[in-house]
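# Predicted structure and sequence below. I'll ask about it afterward.
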Amino acid sequence: QVQLVESGGGLVQPGGSLRLSCAASGGILSINTMSWYRQAPGKQRDLVAAITTGGSVNYAGSVTGRFTISRDNAKKTLYLQMNSLKPEDTAVYYCYVDSARTTAGRRYVDLWGQGTLVTVSS
């Protein structure tokens, strides 16, 4: 069973930084596009950033220039470096994989992590 586990969330002051990680496990052979989404209280879940297998990235306009997405394909891990954090960045951050293939030959689609809470407050 393929699983995504996020870590790195917490409480940070405005202007501070956090680094989120998302580790994929379950005999994974390859992962397609990996993304970060976030959901603030009472709001819909929105795309924050995405990165393809080849390293092409795209960002939501609200985080461009402040957040950096990256991945380590060998470690099957996704990262999100968040700098210059603002109170409006407060949300639960979710890792998402659109498809992954295991060494057993199984293909999984639409995988979500359990989320990690980021709170930006003084």
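Cool, the structure landed.
# what's near enough to touch the residue positioned nearest the centre of the chain?
With distances taken as CA atoms, centre = their mean, residue 36 lies nearest the centre of the chain, 3.1 Å away. By CB atoms under 8 Å, 6 or more residues apart in numbering, the contact set of residue 36 is 20, 22, 47-50, 69, 78, 80, 93-96. Any C-beta I mention is one placed from the backbone N, CA and C, and that applies to glycine too.
# same thing but 10 Å
Residues in contact with residue 36, defined by CB atoms under 10 Å, 6 or more residues apart in numbering, are 6, 20, 22, 47-51, 59-60, 63, 67, 69, 78-80, 82, 93-96, 113.
# which residues does it bridge with?
Counting by DSSP bridges, residue 36 is bridged to residue 49, residue 95.
# Distance check, it against residue 14.
20 Å (CB to CB, to the nearest Å).
# Repeat that for residue 122.
Residue 122 is 6 Å from residue 14, by CB to CB.
# again, but for residue 38
Residue 38 sits 17 Å away from residue 14, taking CB to CB as the criterion.
# Which one of these two is surrounded by more residues?
Each of residue 38 and residue 14 has its neighbours counted (other CB atoms under 10 Å); residue 38 has more, 24 against 13.
# Wait, the more buried one touches residue 6, no?
No - Residue 38 is not in contact with residue 6 according to CB atoms under 10 Å; the separation is 11.1 Å.
# Now do the shared contacts for the two.
Common contacts of residue 38 and residue 6, defined by CB under 10 Å, 6+ apart, comprise 20, 80, 92, 93, 94, 115, 116.
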